[in-house]
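What would the 3D arrangement of this be:
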Amino acid sequence: MQRIEKTFAGRRLIIETGRMAKQAAGSCLVTFGDTMVLAAVTVSDNKSPLPFFPLTVEYREKTYAAGKIPGGFIKREGRPSDNEILSARIIDRSIRPLFPEGFQNEIQVFCYVISADQENDADVLALVATSYALNASRIPFANPIAGVRVGRIQGNWVLNPTFQQLEYSDMELVVAGSNDSIMMVEGGALEVSEDDVVEALTVAQGGIRELIGYQEELFKAAGRTDKMAWEKAAVTEGLEARVRSLADVKISEALNQKDKQTRVQAVEQVKREVAESLAADLPDNAKEIKGILGDLEYTALRSQVLDTKKRVDGRAANEVRPITIDTSLLPRAHGSALFTRGQTQALVAVTLGTANDAQRLDSIDSPSETTRTFMLHYNFPPFSTGEVRPVRGTSRREIGHGNLAERALQAVLPDFADFPYTLRIVSEILESNGSSSMATVCGGSLAMMDAGIPIRAAVAGVAMGLIKEGKKYAILTDILGTEDHLGDMDFKVAGTRQGITSIQMDIKIEGLDLKIMTEALAQAKEGRLHILGEMDKALAEPRADLSPFAPRIVTLQINPEKIGDLIGPKGKTIRGIQDETGAELTVDDTGLVTIAAVGGDAMQRARQMVQAITAEPEIGATYEGTVKTTTAFGAFVEIMPGTEGLVHISELKHGRTEKTEDVVNKGDRVTVKLLDRDERGRLRLSMKALVPRPEGMPEEEPRPPRAEGDGERPRSENGGERPRRSGGRGGERSRR
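Below you'll find the predicted structure:
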């Protein structure tokens, strides 16, 4: 076993190998604080026949890592959570460009979080562990890389901030890279500038170099395995020139079609005709011919962009496709928008729910269950690209794109205290030719404004591309699917007019320097501002009112001591209010009551019932109540549920009263005024205070001091005092 121990970002960092998973091609254990991640990599000796590089990355969080047992009926880990899938994607996107071109042996990467201290995120540690395991194994891999998380707290940059620190950060970026270039960027921010992002990447690069240095130090101590022998498939001599002579010009012409389907069909037609013309002479070279034709398409598009600055659909490098927008399409949805940019189209719907609709999350990163009140779900059906393929549940791509759009919009949401709704956005991608995740951002922003959600600003997103050959390069705004497939970069930037709220970058080359990143950010801002201008033409600000089908939510603050009265025995009282009004009620331990109802009448009725149960009597206020008991010295009147006061016989009416029952009887509804409350909390009520004194009637003599027992509730047969309040706090509390 070999290990090194360092201090990184103020905490203990240990990288070790040779103790666990020794039969894997390479393994590494990384410890940061008390969070531990094991990475193990394996490789097949046989070349895969698949038409793509067969790399699989699995990232799993073990619940024992945090001293927990999985919830539910099946007490073992099941399908990966969204967080695990997103972490696996970060690793996959960072390492995929660094395998040699033409290498087709299947590779599997497994990352296990085996200890979680609930302070340090494990995803960037898994990337370091994966890098070391790959470089120390026999798998051909370019060079060590590393990943860090960057936050900014009160203007200070922080590497690998803790979960607690991130709550105070205005930016969170996960950055992967090598010593001199950036491989992958993923993160969000609270409307920060492009210069801020570049500065964050510079800070990240310093941390990445430090972590790569630690890996190199361990390589010297532990050594590296000799790399496996492999050969790139050789092309039959003279075949490339022959195919090029038949297809080069035709493919270039076929590529320059504005419509996606026409372009795809034209290119495929050329490929099919060339393959058929060579089939008779070269029946055993069909696979080689197909590969050469793909390379010609790749070269033709890139050369055209670099040499002529014109793209295959005729646009300039910084030009955005035409945009059309419709809002309020779905009459029963709380908000909706149809956003179309070129041949990319997203139908986005917003639903407003209550606190009971919040998603409950149980994670190893938190000591207790947490809730999530904002969700964005992204669906990418095969018909959106004109394809036929099986549908097997939500894909990793859908989860990743949905998370990117959700992060972009979350930065502009109103505070939950001001707008206490659970929000769900669903984006249905109906057409795709270029970034559908950025169309989701635009459509989601419009749908929320259509729903009347008071977001702070509109959000738009744009996808940037890159064509780079040597020192020549071109940055492309609003890339097509073809440009994404044949280009070198997919760089998505979303934000408001004030700044960036979400960013994601993937590349297919071995890194990108900050100069190109800076140019791409500046060009992305131009595109984003253009799209925001088009969105303003359709809907410039949130609608004044919510949909009539959306629930209305109000909050009331009650005395925490009244919570038990509101809930009642085993929840009987609060359920009764809900059943009678149709409203939905929740109450937390601070006494904050949330009432949600579709329709103002139900809302108002529920609110009145809650206030009647929980209100505190106010001196000088008037109440309508029921006479509960009559005595020789007056009547006890219930002015609120469980709250009674005494109307002394002298306060029943002007003038002398011989007998209480001459004025009121048990069960009568009377109107009384609260005169005062004594030191023991007893209420003194009056009926005559609400009636003008008859003309000529003399003033009554002052009321004599209260005698011992005067004004007390009548005693029960066993001598005990009858309870002053009904209900009490014996019932169960409601839980959010």
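
Point out the other helices and strands that the helix or strand harbouring residue 485 packs with.
Using DSSP states H and E, residue 485 maps to helix 481-486. If you count contacts as 3 or more CB pairs under 8 Å, 6 or more residues apart in numbering; DSSP states H and E, helix 481-486 packs onto helix 260-279, helix 286-308, strand 460-469. Bear in mind the C-beta positions are built from the backbone N, C-alpha and C, glycine included.

closest one to residue 445 among those?
Proximity to residue 445, assessed across the helices and strands packed on helix 481-486 by CB to CB, is greatest for strand 460-469 (6.9 Å).

And for the helix or strand following that closest one, what's in contact with it?
Next helix or strand after strand 460-469 toward the C-terminus (DSSP H and E): strand 472-477. Residues from elsewhere that reach strand 472-477 (CB atoms under 8 Å, 6 or more residues apart in numbering): 305-306, 309, 311, 317-320, 462, 464-468, 483, 487, 516, 519-520, 523-524, 526-527.

redo that, cut-off 10 Å
302, 305-307, 309, 311, 315-321, 462-468, 483-484, 487-489, 491, 512, 515-517, 519-524, 526-528, 530 (CB atoms under 10 Å, 6 or more residues apart in numbering).

Kindly report the same for stretch 303-317.
252, 254-260, 263, 267, 300-301, 319, 321, 342-343, 433-434, 465-470, 472-480, 482-483, 486-487, 523.

re the thing from before, just the buried members of the contacts of strand 472-477?
Buried members of the contacts of strand 472-477, scored by 16 or more other CB atoms under 10 Å, are 302, 305, 311, 315, 320-321, 462-468, 483-484, 487-489, 491, 512, 516-517, 520-521, 523-524, 527-528, 530.

if we can go back for a sec, most tightly packed of the helices and strands packed on helix 481-486?
Across the helices and strands packed on helix 481-486, averaging neighbours per residue (mean count of other CB atoms under 10 Å) puts strand 460-469 on top, at a mean of 24.

Output the contacting helices and strands for that one.
Strand 460-469 sits against helix 286-308, helix 396-410, helix 436-450, strand 472-477, helix 481-486, strand 489-495, strand 500-507, helix 514-538, with contacts defined as 3 or more CB pairs under 10 Å, 6 or more residues apart in numbering; DSSP states H and E.

if we can go back for a sec, right, and the helices and strands packed on helix 481-486 - which one's nearest residue 233?
Comparing the helices and strands packed on helix 481-486 by CB to CB, helix 286-308 comes nearest, at 7.8 Å.

Report the rounded mean pLDDT for that closest one.
Here helix 286-308 scores 90 as its mean pLDDT.

Restricting to C-alpha, output it in PDB.
What follows is helix 286-308, C-alpha atoms only, in PDB (Å, rounded to 0.1, in the frame of the first residue of the first chain):
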ATOM      1  CA  ALA A 286     -18.200  -1.600 -46.000                       C
ATOM      2  CA  LYS A 287     -17.300  -0.700 -42.400                       C
ATOM      3  CA  GLU A 288     -14.100   1.100 -43.500                       C
ATOM      4  CA  ILE A 289     -16.000   3.000 -46.100                       C
ATOM      5  CA  LYS A 290     -18.700   4.100 -43.600                       C
ATOM      6  CA  GLY A 291     -15.900   5.400 -41.300                       C
ATOM      7  CA  ILE A 292     -14.200   7.300 -44.100                       C
ATOM      8  CA  LEU A 293     -17.500   8.900 -45.100                       C
ATOM      9  CA  GLY A 294     -18.100  10.000 -41.500                       C
ATOM     10  CA  ASP A 295     -14.600  11.600 -41.400                       C
ATOM     11  CA  LEU A 296     -15.400  13.400 -44.700                       C
ATOM     12  CA  GLU A 297     -18.500  14.900 -43.200                       C
ATOM     13  CA  TYR A 298     -16.600  16.000 -40.100                       C
ATOM     14  CA  THR A 299     -13.800  17.600 -42.200                       C
ATOM     15  CA  ALA A 300     -16.200  19.300 -44.600                       C
ATOM     16  CA  LEU A 301     -18.200  21.100 -41.900                       C
ATOM     17  CA  ARG A 302     -15.200  22.200 -40.000                       C
ATOM     18  CA  SER A 303     -13.300  23.400 -43.000                       C
ATOM     19  CA  GLN A 304     -16.200  25.400 -44.200                       C
ATOM     20  CA  VAL A 305     -16.700  27.200 -40.900                       C
ATOM     21  CA  LEU A 306     -13.000  28.000 -40.400                       C
ATOM     22  CA  ASP A 307     -12.300  29.000 -44.000                       C
ATOM     23  CA  THR A 308     -15.500  30.800 -45.000                       C
END
